[in-house]
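Visitor: okay, here's the prediction I keep looking at, along with the sequence it came from:
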Amino acid sequence: MIIRETNDSFIMIKQHDHAYLSGEISRHFNTAILKSNHYFKEMTDAAYQHDRSWIGLDDTPIWNDEADIPYTFSDYPLLPKMAFYKIGLDEIEQVSPYSALLCSLHFYSFFTRSKKRECIAFMDEEAKRQARLKKALPDMDEELLQQHFRLLQFSDDLSLYICLNEPGATKQEEHPWFRDGFKHTELFNDHRQRLDGKWLNEKEIRIERFPFNHDFPLTLHYKNVPKSSIKDLGIAAAYETTEFQDQTVFVRK
């Protein structure tokens, strides 16, 4: 679950809904920037499905007593999270080996600095998956794969930019992850500089060095769960009884 706290509520976004935005972002990408159009559909499929591991975990939110907020994707207990990561990757692989390869690279990147035994074991298993999938894809181009991997990371970041920031936030008010631009985007522009985003108002975002074919809208599905309901009902029931809402944001050049 992606959580943004306000004074009297929690904005709660399912990871799979966030991933849908990632897929929509990738779908509008200017493929002329890439080495070729090969495997582009599989790349967008990876973006749409990369967080399917969270479908079961996000079905019922749980409370983080230490932080006094619902558990988020970044602090969710490690062992169940990693177990569901494997389940999701297995499901993606059954549909598209190339998409699974990209998603495996994506999840692997989360743990490269970790010294925890569980994380190292997860990376070992995913390294084996990646080697097996590459062997099964003889026409795969490593340079193009890395471009697709960076595009998956960028689409994930831009979706998170919408999810984690208050609409219309100034640069100083933005979530710390994005104040210096989006990571891993040097491949997508001639200047080898990070792409950067800026809220123009509550409904529009401008992306500098625009890497898309044209302006496009994104619609985010979320719940605004009152803290008073959580106090009265508990987090699971409060979330269940809160109606979904939609937020539309236009990505502009």
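Guide: Received it, and whenever you're ready, just let me know what you need.

Visitor: other SSEs contacting whichever helix or strand Ile230 is part of?
Guide: Assessed by DSSP states H and E, Ile230 sits inside helix 227-233. Contact here means 3 or more CB pairs under 8 Å, 6 or more residues apart in numbering; DSSP states H and E; on that basis helix 227-233 packs against strand 9-13, helix 235-241. All C-beta spots, glycine's among them, are computed from the backbone N, C-alpha and C.

Visitor: who wins for proximity to Pro77 among those?
Guide: helix 235-241 (15.2 Å; CB to CB).

Visitor: what pLDDT does Thr31 get?
Guide: Here, the pLDDT recorded for Thr31 equals 93.

Visitor: look up how far Arg194 lies from it.
Guide: Here the distance between Thr31 and Arg194 works out to 21 Å (CB to CB, to the nearest Å).

Visitor: next one: Asn7
Guide: 32 Å.

Visitor: which of those two has more neighbours?
Guide: Arg194 (17 against 5; other CB atoms under 10 Å).

Visitor: just to check, that one is in contact with Asp180?
Guide: Yes - Arg194 lies in contact with Asp180 (CB atoms under 8 Å); the separation is 7.0 Å.

Visitor: which stretch of helix or strand covers the nearest residue to Thr112 once chain neighbours are set aside?
Guide: Leaving aside its chain neighbours, Thr112 sits nearest to Met123 (7.4 Å; criterion: CB to CB, 6 or more residues apart in numbering). Element membership for Met123 (DSSP H and E) is helix 117-136.

Visitor: what's the mean pLDDT across that helix?
Guide: Looking at helix 117-136 alone, the average pLDDT works out to 96.

Visitor: for stretch 4-19, same thing?
Guide: Over the span of stretch 4-19, the pLDDT mean works out to 97.

Visitor: return the distance of that stretch from the chain's centre.
Guide: Remark: stretch 4-19 is offset 13 Å from the chain centroid, using CA atoms, centre = their mean, to the nearest Å.

Visitor: same question for that stretch: list its buried residues.
Guide: If you call a residue buried by 16 or more other CB atoms under 10 Å, then stretch 4-19 has these buried ones: 4, 9-19.
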